[in-house]
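Enquirer: sharing a sequence plus its predicted fold:
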Amino acid sequence: MGLLDGKVAIVTGAGRGIGREEALSLAAQGAKVVVNDMGGDWQGAGADQAPAAQVAAEIRELGGEASPNFDNVATASGAEHLVKQALDTYGDVDILVNNAGILRDSMIFSSEPGEWSSVIDVHILGHYLPTRALTAHWREQSKAGITKHRAIVNTTSESGLFGNVGQSNYSAAKLGIVSLTLAVAKETAKYGVTVNAIAPRARTRLTTTTFEGSNRAGEFKDIVEGFDAMDPSNIAPFVTFLGTDAASEITGQTFIVYGGIVAHVKLPQVGDLIVKDGKWSVEELVAEQAGLFKEIGSNSYEGPRGYARLPKQGS
């Protein structure tokens with residue numbers, strides 16, 4: 001008996017990397033899975049049906065139920081067709097895992113507006129449009145008296161939470177996904193929907209491209225022996241957990257998931273503050289600035305290149 005027996009999941013961007021591992025993990029717990037991937041490269045160019053078809057076939061070979069989908073979920077028609085296919089094939093959907101994303105890295109002063117905005121469009125629309133299509137169905141179900149736990153898991157990034165050099169578009173998009181998560185969690189709570197976000201740290205086409213040639217590139221290399229903290233399969237169990245009924249009261253939250261670590265991100269959170277009875281003057285603010293920034297310094301949670309300082313695996 002799996003923890004997701006009888007449930008149906010849609011996983012976007014599931015042809016490779018983290019999405020592939022999530023689809024396999026959900027299926028291993030008994031979920032029927034629609035494996036979505038249009039098969040583009042890490043910059044969003046091209047299309048290839050093979051990755052999604054292969055993952056669906058792998059699930060079936062392992063005894064599960066799965067069907068591939070090749071729609072572009074960053075378009076309204078693609079997202080709506082994806083949801084329709086899932087409903088037509090399996091009769092319902094309980095879980096949506098949003099992974100759609102691309103990279104077009106550049107420093108802000110040398111960025112091209114079209115390429116910059118394309119990253120925003122794919123990430124935000126690729127999360128918004130499937131969510132829009134599916135929550136409309138869930139709302140109608142709830143109005144008809146069909147109530148149960150439904151789950152959405154969005155994919156943000158530490159680049160969004162902490163910023164990253166050369167990724168102003170990606171960082172903006174990924175923090176936008178956190179805000180989307182917070183808003184949709186509030187909008188859909190009365191329908192039994194939980195909405196959470198994960199910031200995965202793992203070896204994918206996007207991360208290896210991002211850190212190629214940097215002093216952090218070694219983190220993302222394959223580990224021949226021992227525990228590989230960057231294996232994308234490490235992310236899947238927590239995403240699967242969020243889809244179970246055991247997580248039915250967890251919503252509006254963001255988590256960094258890395259190796260054997262799950263870190264709950266308390267965002268947004270007010271830190272230091274200064275208070276006076278009346279309007280501040282510029283001179284008073286200059287004098288009191290130390291009181292406003294006591295938490296910034298060596299104990300700050302922000303690490304090198306904007307990535308969170310997390311314990312090393314095995315330490």
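Expert: Cool, got the structure.

Enquirer: in three-state terms, label residue 295 for me.
Expert: coil (DSSP: H, G, I helix; E, B strand; the rest coil).

Enquirer: contacting residues for it?
Expert: 271, 272 (Cβ atoms under 8 Å, 6 or more residues apart in numbering). Just so you know, the C-beta spots here come from the backbone N, C-alpha and C atoms, and that holds for glycine as well.

Enquirer: against residue 39, how distant is it?
Expert: From residue 295 across to residue 39, the span is 45 Å (Cβ to Cβ, to the nearest Å).

Enquirer: and if you look at residue 227?
Expert: Counting by Cβ to Cβ - residue 227 and residue 39 are separated by 31 Å.

Enquirer: any stretches of the stretch 151-300 of the chain with poor pLDDT?
Expert: Scanning the stretch 151-300 of the chain for pLDDT under 70 picks out 205-224, 296-300.

Enquirer: and the helices in it?
Expert: Secondary structure of the stretch 151-300 of the chain (DSSP state H, counting those that start in this stretch): helices at 158-162, 168-188, 205-211, 236-243, 282-292.

Enquirer: which residues does residue 78 contact?
Expert: Contact analysis of residue 78 by Cβ under 8 Å, 6+ apart lists 38, 71, 72, 129.

Enquirer: change it to 6 Å
Expert: Going by Cβ atoms under 6 Å, 6 or more residues apart in numbering, residue 78 touches 71, 72.

Enquirer: then residue 107?
Expert: By Cβ under 6 Å, 6+ apart, residue 107 lies in contact with residue 166.

Enquirer: just the pLDDT at it, thanks.
Expert: If you check residue 107, the pLDDT there is 96.

Enquirer: circling back: I'd like the helices of the stretch 151-300 of the chain as JSON lines, with mean neighbour count and distance to residue 101 appended.
Expert: Below are the helices of the stretch 151-300 of the chain laid out as JSON lines (neighbours: other Cβ atoms under 10 Å; distance: least, Cβ to Cβ, whole Å):
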{"stretch": "helix 158-162", "mean neighbour count": "23", "distance to residue 101": "11"}
{"stretch": "helix 168-188", "mean neighbour count": "20", "distance to residue 101": "8"}
{"stretch": "helix 205-211", "mean neighbour count": "18", "distance to residue 101": "7"}
{"stretch": "helix 236-243", "mean neighbour count": "23", "distance to residue 101": "15"}
{"stretch": "helix 282-292", "mean neighbour count": "10", "distance to residue 101": "35"}
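
Enquirer: adding distance to residue 7, write the ones you listed out as a markdown table.
Expert: A markdown table is the format used below for the helices of the stretch 151-300 of the chain (distance: least, Cβ to Cβ, whole Å):
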| stretch | distance to residue 7 |
| --- | --- |
| helix 158-162 | 29 |
| helix 168-188 | 17 |
| helix 205-211 | 28 |
| helix 236-243 | 7 |
| helix 282-292 | 48 |
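
Enquirer: what about these, which gets the closest to residue 140?
Expert: Across those, residue 140 has its closest neighbour in helix 168-188 (12.6 Å, Cβ to Cβ).

Enquirer: which residue ranges of the stretch 201-315 of the chain form strands?
Expert: 254-258, 261-265 (DSSP state E, counting those that start in this stretch).

Enquirer: run the chain-centre distance for the last one.
Expert: Distance, stretch centre to chain centre, for strand 261-265: 14 Å (Cα atoms, centre = their mean, to the nearest Å).

Enquirer: for residue 115, helix, strand, or coil?
Expert: helix.

Enquirer: from memory it sits against residue 104, does it?
Expert: Yes. Between residue 115 and residue 104 there is a contact at 4.3 Å, judged by Cβ atoms under 6 Å.

Enquirer: the two: who's more crowded?
Expert: When residue 115 and residue 104 are compared for neighbours, residue 104 comes out ahead with 20 against 15, by other Cβ atoms under 10 Å.

Enquirer: and that one, that's in a helix?
Expert: No. Residue state for residue 104 (three-state DSSP) corresponds to coil; a helix is not indicated.

Enquirer: for it, list the residues it contacts.
Expert: Counting by Cβ under 6 Å, 6+ apart, residue 104 makes contact with 115, 119.
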